[in-house]
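A.B. asks: Let's see this in three dimensions:
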Amino acid sequence: MDERERRVLRIAARQQGVVSRAQVLGEGLSSRQIDGRLARGAWVRLRPGVYRVEGSPRGWLQHVTATMLWAGKGAVLSHQTAAALWGLARFGEAEPIHVTVGCFLPPPPTVVTHQSRLSSNEVAMRRGLRVTSLLRTVLDLAATESERDVEAALDSALARKLTTAEDLRRFVDRHAGERGVVVLRRLLERYEGGDGPSESELESRVLDLVDDAGLPRPVRQQSVKLGGRTRRLDFRFAGSNVVIEADGFAWHANPLSFEKDRQRANALAARGFVVLHWTWAALEERPDVLVAELQRALSTNQRAA
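C.D. replies: Numbers count the residues shown, from 1 in each chain. Presented below is the predicted three-dimensional model:
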């Protein structure tokens, strides 16, 4: 192995094990040498003009990096791919890979290209890659994905303090008229009306089930005074004392949390609240039972009121 190939391998090591044809030629290797390595299986073509060095760790991020090398300077990862890189709920590492480019570029298999000219403040860096900014990503999702999934993604961003409702308001005002803004404005009105974001994917799933049942949406994260302390209820239905608590294992898996939960449950019961506890397992295995119990609780509470 000569020094030219060592330099190519060092470049690939910084790029998830992939390298572009232009980078290889720039280091002094010839087209014939590239073809020879492909023929021997030392390199494998991942994208047009982009190769994986055989033996390098494979994975989604490698394909994402190869896509960026193929798309060239100015390309930005976007939509579902950007959402996955931001770690937004309901958008994981998957194909196709979405990339936004300035002019039309026919995509290879497992790649979707979007044509748009983004401003500099709509581009960020995640894991060493150019991606659409958090709010630009959410706007793109709002134009292409279900409102439920967009809400869950935006909730997770707000809960992790990646953005704020104030930032979202300014962004929506600046992008009036663009696809997806109507959805974001609707979500913003919920947040600014006191119905704050869900704090977990479990809570988003609770809302999905309530919506599917055709029941009124509960108010989220409402504050109440219990035993001289201010506590927040996961979900409370307006005009009633019916409450849903979304019980995720991670929040209740130690003795101290368990004890606090019991104290909270007792305080709510003493104040006349009807508390339904919904878990991941229940949502997955018996959603119809949860809905029936909720309907009975709402009906009984209304008659007693």
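
A.B. asks: How many neighbouring residues does G228 have?
C.D. replies: As a burial measure, G228 scores 6 neighbours (other Cβ atoms under 10 Å). Just so you know, the C-beta spots here come from the backbone N, C-alpha and C atoms, and that holds for glycine as well.

A.B. asks: wait, G55
C.D. replies: For G55, using other Cβ under 10 Å, the count is 8.

A.B. asks: which residues does P57 contact?
C.D. replies: By Cβ atoms under 8 Å, 6 or more residues apart in numbering, the contact set of P57 is 16-17.

A.B. asks: go again using 7 Å as the cut-off
C.D. replies: By Cβ atoms under 7 Å, 6 or more residues apart in numbering, the contact set of P57 is G17.

A.B. asks: so it is in which element?
C.D. replies: Using DSSP states H and E, P57 maps to neither a helix nor a strand.

A.B. asks: Backbone dihedrals for it, please?
C.D. replies: For P57, the backbone dihedrals (degrees, to the nearest 10) come out as phi -60, psi 130.

A.B. asks: and what of H175?
C.D. replies: Per-residue torsions, H175: phi -110, psi 30 (degrees, to the nearest 10).

A.B. asks: Make sure Q80 is indeed in a helix.
C.D. replies: Yes - secondary structure of Q80 (DSSP: H, G, I helix; E, B strand; the rest coil): part of a helix.

A.B. asks: What's the local residue count around it?
C.D. replies: 26.

A.B. asks: same question, G26
C.D. replies: 12.

A.B. asks: Could you do the one 5 residues further on as well?
C.D. replies: As a burial measure, S31 scores 10 neighbours (other Cβ under 10 Å).

A.B. asks: Please name the nearest non-neighbouring residue to it.
C.D. replies: Leaving aside its chain neighbours, S31 sits nearest to L25 (7.3 Å; criterion: Cβ to Cβ, 6 or more residues apart in numbering).

A.B. asks: Now do the SS call for that neighbour.
C.D. replies: Per three-state DSSP, L25 ends up helix.

A.B. asks: For the residue nearest to A42 when sequence neighbours are not counted, give me the pLDDT.
C.D. replies: The shortest distance from A42 to any non-neighbouring residue, by Cβ to Cβ, 6+ apart, is to E54 (5.6 Å). According to the prediction, E54 has pLDDT 94.

A.B. asks: Over to G227?
C.D. replies: Note on G227: pLDDT of 67.

A.B. asks: Then Q222?
C.D. replies: Q222 carries a pLDDT value of 84.

A.B. asks: where does the chain have its least confident helix or strand?
C.D. replies: Here the helix or strand of the chain ranked lowest by mean pLDDT, DSSP states H and E is helix 255-270, holding a mean of 66.

A.B. asks: Pairing partners for the helix or strand immediately after that one in the chain, with directions?
C.D. replies: Counting by DSSP H and E, the next helix or strand C-terminal to helix 255-270 is strand 274-279. According to DSSP bridges, strand 274-279 forms sheet pairs with strand 242-247 (parallel).

A.B. asks: Need the CA coordinates for the partner strand. CSV is fine.
C.D. replies: Presented in CSV, the C-alpha positions along strand 242-247 are these (Å, rounded to 0.1, in the frame of the first residue of the first chain):
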residue,chain,number,x,y,z
VAL,A,242,-61.0,12.7,35.3
VAL,A,243,-57.2,12.4,35.0
ILE,A,244,-55.0,10.1,32.9
GLU,A,245,-51.5,9.5,34.2
ALA,A,246,-49.0,8.1,31.6
ASP,A,247,-46.9,5.7,33.6
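
A.B. asks: Show me the strands in this structure, by range?
C.D. replies: Counting by DSSP state E, one finds strands in the chain at the ranges 18-20, 43-47, 50-53, 76-77, 97-101, 111-115, 123-126, 129-132, 219-226, 229-236, 242-247, 274-279.

A.B. asks: Just put the ones you listed in CSV and tack on distance to D2.
C.D. replies: Shown next, in CSV, are those (distance: least, Cβ to Cβ, whole Å):
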stretch, distance to D2
strand 18-20, 16
strand 43-47, 16
strand 50-53, 16
strand 76-77, 34
strand 97-101, 34
strand 111-115, 33
strand 123-126, 34
strand 129-132, 30
strand 219-226, 63
strand 229-236, 63
strand 242-247, 60
strand 274-279, 61
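
A.B. asks: where does the closest residue to G272 other than its chain neighbours fall, phi/psi-wise?
C.D. replies: Nearest non-adjacent residue to G272, counting by Cβ to Cβ, 6+ apart: N241, 5.4 Å away. For N241, the backbone dihedrals (degrees, to the nearest 10) come out as phi -110, psi 20.

A.B. asks: gap between N241 and V224?
C.D. replies: For N241, the distance to V224 (Cβ to Cβ, to the nearest Å) stands at 10 Å.

A.B. asks: Likewise for A12?
C.D. replies: A12 is 57 Å from V224, by Cβ to Cβ.
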